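Undergrad: Based on what follows, work out the 3D shape:
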Amino acid sequence: SVELVQQVDEDDAIYHVTSPALGGHTKPQDFVILASRRKPCDNGDPYVIALRSVTLPTHQETPEYRRGETLCSGFCFWREGDQLTKVSYYNQATPGVLNYVTTNVAGLSSEFYTTFKACEQFLLDNRNDLAPSLQTL
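TA: Predicted structure coming up:
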């Protein structure tokens, strides 16, 4: 689940994200992340959504979750015609996130697919609020 914690400005917001337990852990994992949108500067440049974990006094670690951290991650969107947008995902994370990545890359779970389907649905649901070059998704 994703909860908006604070709208920093029109391009930046802080979210509290929770995800199911994976890799033999019994507790679900949570993250507090800053998401920043950057519109393309020039033709051919990507639309960027950058993510980074942050610490907030209002959202301290709790016993029911394992606190995760993403050092640097995000998405780049390149418009490739009127009907096609290329999406790239980048992730630099602490070892606590490794189970999520290796399990999915090895094809041992459907979480990777589920995550990207959720991202796709989010983009479709919010396409009117995104940059004009992404509104053809």
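Undergrad: Report the secondary structure state of residue 122.
TA: helix (DSSP: H, G, I helix; E, B strand; the rest coil).
Undergrad: The closest residue to residue 25 other than its chain neighbours bridge partners, please.
TA: Spatial nearest neighbour of residue 25, chain neighbours left out: residue 66 (6.3 Å); criterion: Cβ to Cβ, 6 or more residues apart in numbering. Any C-beta I mention is one placed from the backbone N, CA and C, and that applies to glycine too. Beta-bridge pairing for residue 66 (DSSP bridges): residue 29.
Undergrad: what's the burial count for residue 66?
TA: By other Cβ atoms under 10 Å, 16 other residues sit near residue 66.
Undergrad: and if you look at residue 122?
TA: 11.
Undergrad: Return the residues in contact with it.
TA: For residue 122, no residue meets the contact criterion (Cβ atoms under 8 Å, 6 or more residues apart in numbering).
Undergrad: ok, so what distance separates it from residue 50?
TA: For residue 122, the distance to residue 50 equals 16 Å [Cβ to Cβ, to the nearest Å].
Undergrad: Over to residue 19?
TA: Going from residue 19 to residue 50 by Cβ to Cβ gives 19 Å.
Undergrad: same question, residue 72
TA: Taking Cβ to Cβ, one finds residue 72 at 7 Å from residue 50.
Undergrad: quick one: which of these two has more around it?
TA: Neighbour count, other Cβ under 10 Å: between residue 72 and residue 50, residue 50 has more, with 17 against 12.
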